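In: Everything below, folded, please.
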Amino acid sequence: MELFSKHKLQFYAGRSHPVLARAIAGYLGVEVGDCELLDFPDGEVRARYGDSVRGADMFVLQTHAPVEGRSVNDLLMEQWVMIDAAKRASAKRITAVCPRYGYGRQDRKSRAREPITARMVADFFRSAGAERIMTVDLHAGQVQGFFDGPVDHLTATNLLVGHLRQELEGEFVMVSPDTGRTKVAEKAARTAGDLDIASVYKRRSRETAGKVEALDVMGHVRGRICVLIDDEIDTAGTLCEAANLLYEKGATDVWAAATHGVFSEPAIDRLKNSDISHVIVTDTVPLPPEKQLDKIETVSVARTFADAIRAVFEEGSVSELFGGDNQT
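Out: Below you'll find the model as predicted:
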């Protein structure tokens with residue numbers, strides 16, 4: 001007797017970003033699968049799949065940013081529980097789809113007696129049963145090496161640059177908000193057609209999280225439009241300090257672009273009161289009504305994720321989707 005297994009794609013999502021999940025599913029031509037998520041009074045979560053997942057090539061989406069009263073920790077735990085449930089229900093392969101990877105900024109020890117939490121998160125994904133991770137624009141590329149399995153590192157740089165090209169006339173300067181993000185600015189400048197780059201030198205407080213001081217600019221910005229480019233905007237302290245300095249150095253206009261618009265307090269107030277004229281982010285993190293400003297514009301990563309998921313399912317190349325420019 002000869003048996004033939006049926007290769008099937010099943011797509012599920014936690015509760016962090018249902019809008020993005022439905023958009024990705026639409027591009028894939030599938031439905032977001034039925035997974036019942038129940039909260040117990042003590043805060044514990046339980047997951048139960050409504051459909052058989054035996055033998056499935058499963059993709060479980062959850063973005064890791066505070067949403068609707070749920071913390072990053074809550075959302076990570078929910079995704080791990082969903083992955084564990086799928087493993088115990090005999091899914092063939094499980095891919096953790098993480099538009100924003102939680103704890104990605106804690107990728108090294110900057111002081112004694114600190115954890116490397118990005119590595120711990122990767123270990124937990126593996127322990128839960130994920131065989132691969134799919135994410136976009138990690139804070140540091142080396143986080144890919146923390147996971148003992150394939151990591152599909154997507155990039156939204158082409159989407160951000162494409163939007164900038166539509167909205168901005170003429171040439172502009174790609175500016176790194178600090179020296180550590182220079183590679184991000186270089187990649188964006190290359191994608192946009194070999195634009196000039198500049199970098200802001202800043203000093204970050206080791207004692208107070210999120211406190212920064214912009215000191216000087218390396219590069220020619222006088223009389224030019226500047227675009228501050230980063231992987232994410234959290235409290236917007238770095239961004240606003242850098243924008244102020246660019247105006248002091250003679251920039252005619254300052255825009256900002258980032259993949260992940262987290263916008264933790266007091267980011268919205270800072271941006272509202274800043275002279276940054278436009279802020280471009282993707283929808284890796286949901287943008288609730290209370291955080292929406294006229295100057296904030298969103299581009300979607302749904303098709304990017306759908307194309308990558310389809311490539312993984314069909315055993316194709318994810319890197320080819322980005323011309324090999326998605327690994328840094």
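
In: Now R303: closest residue in space, sequence neighbours ignored.
Out: In space, R303 comes closest to Y27 once its chain neighbours are excluded; the distance is 5.2 Å by C-beta to C-beta, 6 or more residues apart in numbering. C-beta here means a position set from N, CA and C on the backbone, and glycine is covered the same way.

In: Please apply the same query to G26.
Out: A302 is the one closest to G26 (C-beta to C-beta, 6+ apart), at 7.5 Å.

In: Can you get me a residue count around that neighbour?
Out: Using other C-beta atoms under 10 Å, A302 has 21 other residues around it.

In: quick one: it and L20 touch, right?
Out: Yes - counting by C-beta atoms under 8 Å, L20 is a contact partner of A302 at 6.0 Å.

In: What are the buried residues along the lengthiest helix in the chain?
Out: Longest helix of the chain, by residue count under DSSP state H: helix 72-88. Buried residues in helix 72-88, defined by neighbour count with 16 or more other C-beta atoms under 10 Å: 72, 74-87.

In: Can you list the helices and strands that that helix packs against?
Out: When contacts are defined as 3 or more C-beta pairs under 8 Å, 6 or more residues apart in numbering; DSSP states H and E, helix 72-88 packs onto strand 35-39, strand 45-49, strand 56-61, strand 93-98, helix 117-128.

In: can you pull the pLDDT of E68?
Out: As summarised for this prediction, E68 has a pLDDT of 87.

In: Relative to V184, how far out is it?
Out: 29 Å (C-beta to C-beta, to the nearest Å).

In: Which one's more surrounded, those two?
Out: A count of neighbours by other C-beta under 10 Å puts V184 above the other of E68 and V184, at 24 against 8.

In: Next, give phi and psi for the more buried one.
Out: Here the main-chain torsion angles of V184 (degrees, to the nearest 10) amount to phi -60, psi -40.

In: who's in contact with it?
Out: Contact analysis of V184 by C-beta atoms under 8 Å, 6 or more residues apart in numbering lists 157, 176, 229-231.

In: got the buried residues for stretch 302-321?
Out: Within stretch 302-321, the residues that count as buried by 16+ other C-beta under 10 Å are 302, 304-313, 318-319, 321.

In: Reformat these into JSON lines and put distance to R270, secondary structure and pLDDT next to each item.
Out: Formatted as JSON lines, the buried residues of stretch 302-321 follow (distance: C-beta to C-beta, whole Å; DSSP: H, G, I helix; E, B strand; the rest coil; pLDDT from 0 to 100):
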{"residue": "A302", "distance to R270": "28", "secondary structure": "helix", "pLDDT": "98"}
{"residue": "T304", "distance to R270": "29", "secondary structure": "helix", "pLDDT": "98"}
{"residue": "F305", "distance to R270": "29", "secondary structure": "helix", "pLDDT": "98"}
{"residue": "A306", "distance to R270": "34", "secondary structure": "helix", "pLDDT": "98"}
{"residue": "D307", "distance to R270": "35", "secondary structure": "helix", "pLDDT": "98"}
{"residue": "A308", "distance to R270": "33", "secondary structure": "helix", "pLDDT": "98"}
{"residue": "I309", "distance to R270": "35", "secondary structure": "helix", "pLDDT": "98"}
{"residue": "R310", "distance to R270": "39", "secondary structure": "helix", "pLDDT": "98"}
{"residue": "A311", "distance to R270": "38", "secondary structure": "helix", "pLDDT": "97"}
{"residue": "V312", "distance to R270": "38", "secondary structure": "helix", "pLDDT": "97"}
{"residue": "F313", "distance to R270": "41", "secondary structure": "helix", "pLDDT": "97"}
{"residue": "V318", "distance to R270": "36", "secondary structure": "coil", "pLDDT": "96"}
{"residue": "S319", "distance to R270": "37", "secondary structure": "helix", "pLDDT": "93"}
{"residue": "L321", "distance to R270": "35", "secondary structure": "helix", "pLDDT": "93"}
